[in-house]
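K.L.:
give the three-dimensional model of this entry:
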Amino acid sequence: MSTAPKYIFGRIPNNILGLAMIESMKLFLNKDRYTLRVRGQGLIKGEDWRRYAYGIPLDKSTHLRVYIVDKNK
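P.N.:
I've put the predicted structure just below:
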């Protein structure tokens, strides 16, 4: 039995276009079955990665990742 990947989209630019894409995905997502999480990827210049050991905040990231998780599993 194969499982669907949870890490669906990666390297989405953290700009107006990328955020608009994520907002439209949230709008049309089947929320009864799936949840959508957005995480930061890539640290902007001038920031120290040691301050963000548990994940990069969205405002400090250069790119975004999207995870879609099945609630039924």
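
K.L.:
just the strands from the chain, written as ranges.
P.N.:
Along the chain, the segments classed as strands by DSSP state E run 7-13, 34-43, 61-70.

K.L.:
now do the first one against strand 34-43, angle only.
P.N.:
By that I understand strand 7-13. If you take axes from the mean of the first three to the mean of the last three CA atoms, to 10 degrees, strand 7-13 sits at 40 degrees to strand 34-43.

K.L.:
give the buried residues for strand 7-13.
P.N.:
Phe9, Ile12 (16 or more other CB atoms under 10 Å). Where C-beta positions appear, they are placed from N, C-alpha and C, glycine not excepted.

K.L.:
that one pairs with which strands, parallel or anti?
P.N.:
Here strand 7-13 has these sheet partners by DSSP bridges: strand 61-70 (antiparallel).

K.L.:
for the partner strand, give me every contacting residue.
P.N.:
4, 6-14, 18-19, 22, 25, 29, 33-44, 58 (CB atoms under 8 Å, 6 or more residues apart in numbering).

K.L.:
please report the distance of Tyr54 from Leu29.
P.N.:
25 Å (CB to CB, to the nearest Å).

K.L.:
of the two, who's got more company?
P.N.:
Leu29 (13 against 4; other CB atoms under 10 Å).

K.L.:
low-confidence stretches in this protein?
P.N.:
For the chain, the stretches with pLDDT under 70 are 1-2, 4-5.

K.L.:
contact partners for the residue minimising distance to the centre of the chain?
P.N.:
Centroid check for the chain by CA atoms, centre = their mean gives Val38 as the closest residue, at 2.5 Å. Contacts here follow CB under 8 Å, 6+ apart; on that basis Val38 touches Ile22, Leu58, Leu64, Arg65, Val66, Tyr67.
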